[in-house]
Each structure stands twice: as structure tokens, then as C-alpha cells.
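1. Dropping the sequence and predicted coords here.
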Amino acid sequence: MRGSEYAQLRAFVAVVEHGSFVRAAAHLGMSASALSQTIRQLEERLDVRLLNRTTRSVSPSDAGARLLLRLQPALNEVDAALAGVTQTPGSPPSGRLRINAPRVAAIHYLAPLIGPFLNTYPGVSLDIVTDERLVDMVASGFDVGIRLGESLDQDMVAVELSGHLEMMVVASPAYIEQFGTPHTPHDLSEHQCLSYRWPTDGSLYRWEFERGGERLAVSVNGPLVVTEPEMLTRVALEGAGIAYLFEHQVREHITSGRLVHLLPEWTPAFPGFYLYYPTQRQMAPALRAFVDFVKKPMPPDS
């Protein structure tokens with residue numbers, strides 16, 4: 001492969017990753033017009049359209065998506081190999097890592113690690129994208145992702161991030177005094193429940209329960225539907241309904257008595273969030289440093 005061909009492929013990946021010629025050009029240190037010409041030369045050489053362009057967005061065509069699926073892992077291998085050769089043994093790692101994570105994991109489990117990691121490895125930069133979709137990490141140009149254990153692909157290396165998690169059904173004492181206490185998940189149909197809508201497909205989340213091998217997915221109704229679950233804690237505290245949230249979102253309010261934990265026997269702990277990345281023969285030093293940092297226990301006061 002000639003140098004110009006490699007540069008064209010790099011340019012194509014950058015445009016897809018950034019979703020914009022302007023942003024990709026800034027990342028590559030070239031003008032948008034020069035980048036557009038580079039992509040045009042690549043498409044002419046391959047005799048196929050790789051990108052769908054509109055006035056507002058850029059996205060890969062079917063052919064472009066197929067190329068990216070095969071190309072991204074190969075370029076990652078090249079990057080890792082070059083980093084291993086060019087980095088002086090014993091020198092601190094450097095480079096950029098792109099991380100994909102659902103919002104709740106990014107805020108509650110990833111964010112506390114970022115400051116200490118960047119202070120330890122000032123040569124590494126992080127590009128974190130929050131997304132509720134189960135994206136193809138490799139095809140989307142991410143180095144690392146975060147998912148619940150139940151959603152991990154078999155061909156990925158997984159590192160535990162959060163430990164086991166627990167969902168909790170909660171309501172304020174004022175709500176319980178007015179409307180009573182549900183004793184089974186089926187009783188929730190008679191209560192004012194605060195609902196969550198999946199931002200990916202617009203469907204309402206069905207509350208999941210399990211006890212003694214019995215599993216239920218319950219559709220609930222109530223006065224509120226949101227796509228941002230962080231809102232629900234405050235609404236539940238005001239006595240406006242019953243919420244279904246992660247334990248870490250309501251722990252302090254249960255301890256203080258401002259919220260009551262309902263149906264605890266129906267919400268056992270489950271495998272939590274994992275850091276995951278593709279199996280690689282060569283791992284870039286920045287990725288290795290980040291994975292090792294996640295594996296290392298944080299100090300108790302962190």
C-alpha cells in the first residue's frame with residue numbers, strides 16, 4: 001500500500017468517526033476542502049461511493065459500512081504495532097482513546113476514574129461518547145466500551161467496572177401513606193408509577209423482577225414518562241409516584257428515610273457494568289494503561 005492510499009483510508013475513517021468533514025479535517029490537521037478531495041480520490045480509486053453526504057450530515061454508505069467493518073480493526077492493529085515500536089521502553093503512554101458508554105455508567109462509574117487517570121497519564125487524552133444503543137464498537141471507531149454484563153459479546157475481553165448492581169423500587173413515606181404499599185409486582189398496576197422511555201426506539205421500559213426462578217417484566221402506568229432517569233429520584237422524593245432506579249441513585253435517601261425500599265425480595269443483584277474491548281494481538285500502550293488502571297482498586301475515599 002502506497003502512503004497516499006493509507007492516508008486516504010485514514011481520512012475515510014476520520015470522517016465517519018467525527019460525522020463531519022469540518023471536524024475530521026480539524027482532527028487530521030488539514031483543510032475541509034483537501035479532505036473532501038482525498039475522499040473523492042479514494043472513491044474514484046475504488047469506483048464506489050463510500051459516504052452519503054447531505055448539507056447537515058455525513059454517514060457511510062452500505063459499501064462504506066462494509067469497508068469500515070474490515071478496515072477499523074486492521075488500522076487499530078497498525079496503530080498498536082506502531083505505538084509499540086515508536087514508544088521508548090519505560091516512557092509514559094500517550095495517545096487518544098475513544099470510549100463508548102451508557103450515560104448512567106459514564107456518570108457513576110467512569111467519571112470518578114477520569115481525573116485520577118489523566119493525572120497519572122497526562123500524555124493520554126480521552127474522547128467519551130455516551131450512548132444508550134448497543135453500538136458495534138469496532139465499526140464505530142471506539143477503542144473501549146462499557147456495557148452491562150448481560151449484553152457483552154463473546155469475542156470481547158471484559159473487565160469488571162461496577163461490581164454487581166441492584167435495582168430498587170422506591171417511594172416516599174408520603175406516597176405510601178396516601179396510596180398504600182404494593183406487595184407484589186402485579187400490584188404496581190394499581191399505583192402511580194414513574195416511567196422511563198428508551199431513547200433508542202421510544203418504547204417504554206418494562207420493570208424487571210425475579211424471585212425464586214420466576215421472572216416478570218411488568219408494564220407500568222403513571223403520571224410521568226421520561227428519557228432521563230436521573231429526574232425520577234427527585235420526583236419520587238416529592239411523593240408523586242413510585243420509581244424503579246439503580247441502588248446507587250437512591251441509597252442515601254433510603255438511609256435517611258426520605259424513600260422507602262419496596263419489593264426488595266423481587267430485585268436481586270445482577271452482573272453490573274464491564275469495560276470491554278476487542279481481543280488484540282497488539283494493544284496500544286494508552287489502552288493497556290487504561291485497562292490496568294480500571295483493574296486497580298481505587299482508594300476508599302475516591
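-> Good, I have the coordinates. Given the structure is predicted, the values throughout are model-derived calculations rather than measurements.

2. what helix or strand is residue 283 on?
-> With elements delineated by DSSP states H and E, residue 283 resides in a region that no helix or strand encompasses.

3. show me what contacts the nearest residue to residue 97 once chain neighbours are set aside?
-> Nearest residue to residue 97, sequence neighbours excluded (CB to CB, 6 or more residues apart in numbering): residue 143, at 4.8 Å. Any C-beta I mention is one placed from the backbone N, CA and C, and that applies to glycine too. For residue 143, the contacting residues are 76, 97, 98, 99, 277, 284, 287, taking CB atoms under 8 Å, 6 or more residues apart in numbering as the criterion.

4. how many other residues sit next to the residue nearest to residue 135 when sequence neighbours are not counted?
-> Computed as CB to CB, 6+ apart, the closest residue to residue 135 that is not its neighbour in sequence is residue 100, at 5.9 Å. Other residues within reach of residue 100 by the criterion other CB atoms under 10 Å amount to 24.

5. avg pLDDT for the helix or strand residue 100 falls within?
-> Secondary-structure assignment from DSSP H and E places residue 100 in strand 95-101. When pLDDT is averaged along strand 95-101, the result is 91.

6. got the CA positions of it in CSV?
-> Backbone C-alpha positions of strand 95-101 (Å, rounded to 0.1, in the frame of the first residue of the first chain) are rendered in CSV as follows:
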residue,chain,number,x,y,z
GLY,A,95,-2.4,8.8,22.5
ARG,A,96,-6.1,9.1,22.3
LEU,A,97,-8.7,6.6,23.5
ARG,A,98,-12.4,6.8,22.3
ILE,A,99,-14.8,5.3,24.9
ASN,A,100,-18.5,4.5,24.4
ALA,A,101,-20.7,4.2,27.5
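
7. Tell me the helix or strand right after that strand.
-> helix 103-105.

8. So what's the gap between that following helix and the chain middle?
-> Between the mean C-alpha point of helix 103-105 and the mean C-alpha point of its chain there is a distance of 7 Å (CA atoms, centre = their mean, to the nearest Å).

9. Show me what the next helix or strand after that helix is packed up against.
-> Counting by DSSP H and E, the element after helix 103-105 in chain order, helix or strand, is helix 111-120. Contacts defined by 3 or more CB pairs under 8 Å, 6 or more residues apart in numbering; DSSP states H and E place helix 111-120 against strand 124-130, helix 285-295.

10. May I see the buried residues of helix 111-120?
-> Using 16 or more other CB atoms under 10 Å as the burial criterion, the residues of helix 111-120 that qualify are 113, 117.

11. average model confidence for it?
-> Across helix 111-120, the per-residue pLDDT values average to 95.

12. re the thing from before, residues touching the residue nearest to residue 135, list them.
-> Contacts for residue 100 (CB under 8 Å, 6+ apart) come out as 129, 131, 135, 137, 140, 142, 144, 145, 146.

13. same thing but 6 Å
-> By CB atoms under 6 Å, 6 or more residues apart in numbering, the residues touching residue 100 are 129, 131, 135, 142, 145.

14. what does residue 146 give?
-> When contacts are counted by CB under 6 Å, 6+ apart, residue 146 touches 101, 105, 273, 275.
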